[in-house]
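Engineer: make a model of this:
(one chain, ligands or ions: 2)
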Amino acid sequence: MAKLFRAAIMGPPGSGKGTISRRIAQSFGLQYLSSGHYLRESIAANTEAGALVRTYVERSMLVPDHVMTRLMLPRLEQLIDQSWLLDGFPRTLSQANAMNDLCQMDMVISLNIPFETLKERLSARWVHQASGRVYNMGFNPPRVQGKDDITGEPLIQHDDDKPEALMARLRHYKDVAKPVMDLYKSVNTFISSSILHFIVVVFLQTASEVSFSTKYEIRIN
Ligand SMILES: Nc1nc2c(ncn2[C@@H]2O[C@H](COP(=O)(O)OP(=O)(O)O)[C@@H](O)[C@H]2O)c(=O)[nH]1
Ligand SMILES: Nc1ncnc2c1ncn2[C@@H]1O[C@H](COP(=O)(O)OP(=O)(O)O)[C@@H](O)[C@H]1O
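Structural biologist: Ligands and ions are numbered 1, 2, ... in the order given. The predicted model follows:
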């Protein structure tokens, strides 16, 4: 059996985690698992658990660790014989420790993006609320302005993507992410975006059949 590959991507809001990980997963044939997606699914299911999750997500607060692990770990257990890329999980040390009890990660990618770039990207980010599909008026605009490509439903902008909210979100991200990064650095599974840039460039040079990659741009600080 081919060796399995398990990776996670980390980065502050607006760093491009969702955008790049969907593309990496698609081109390397990995299962893509997004914590945000499963949380939105749980909210849409209108259960008691979903109602609780909603109170956190609506305020851009981290959902409690025990709720997150109960949501994510069973899904990972089902994919025990597959390769995957995780977006948005683990986000805290407690989540990373719970993950480690289930399986070892082969690679953790951290996107390291300058503040000014995050600000620009988030102010131009439009999302389709129900699916979490993300657009950017400059980088990957929708086919019809203000409308989701698949459903045609209206796109929205999140209040906390505004520049005034960004500094606090970033500070919070750094506080929570640092112990997680330290953990993965200590077991040598950690790569920063400059190395990721190198990997993607090599990939571009060797996988010319993957047309999306030629359009991808990664900024490094
Ligand atoms: N210019 C540019 N924009 C990007 C890039 N990657 C993502 N974006 C846009 O930046 C915004 C944030 O990306 P997203 O994937 O939602 O970031 P996340 O919050 O880390 O998951 C979105 O509007 C994306 O369309 C990139 O490499 N270059
Ligand atoms: N691993 C996690 N732990 C706690 N809360 C999470 C986690 N992943 C996602 N969330 C919650 O879901 C929201 C949306 O997540 P996501 O779609 O990954 O967007 P973003 O990258 O902008 O935070 C977050 O603001 C947070 O409230």
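Engineer: show me what from the chain comes close to ligand 1.
Structural biologist: With C-beta under 6 Å from any ligand atom as the criterion, the chain comes near ligand 1 at residues 11, 13-19, 121, 124-125, 134-136, 139-140, 217-218. Glycine gets a C-beta too; all of them are placed from N, C-alpha and C.
Engineer: narrow those to those that are buried.
Structural biologist: Among the residues of the chain next to ligand 1, the ones that count as buried by 16 or more other C-beta atoms under 10 Å are 11, 13-19, 121, 124-125, 134-136, 139.
Engineer: so which pair among those is furthest apart in space?
Structural biologist: Longest distance between any two of those is 18.4 Å, between Gly11 and Tyr135; criterion C-beta to C-beta.
Engineer: does stretch 33-40 come close to ligand 2?
Structural biologist: Yes - Stretch 33-40 reaches ligand 2 (C-beta under 6 Å from any ligand atom) through 35-36, 39.
Engineer: please enumerate the strands of this structure.
Structural biologist: Ranges of strands in the chain, per DSSP state E, are 6-10, 31-34, 84-87, 107-110, 125-128, 133-136, 190-192.
Engineer: now render the ones you listed as a markdown table, adding mean pLDDT.
Structural biologist: Putting the strands of the chain into a markdown table (pLDDT from 0 to 100) gives the following:
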| stretch | mean pLDDT |
| --- | --- |
| strand 6-10 | 89 |
| strand 31-34 | 94 |
| strand 84-87 | 94 |
| strand 107-110 | 83 |
| strand 125-128 | 92 |
| strand 133-136 | 92 |
| strand 190-192 | 61 |
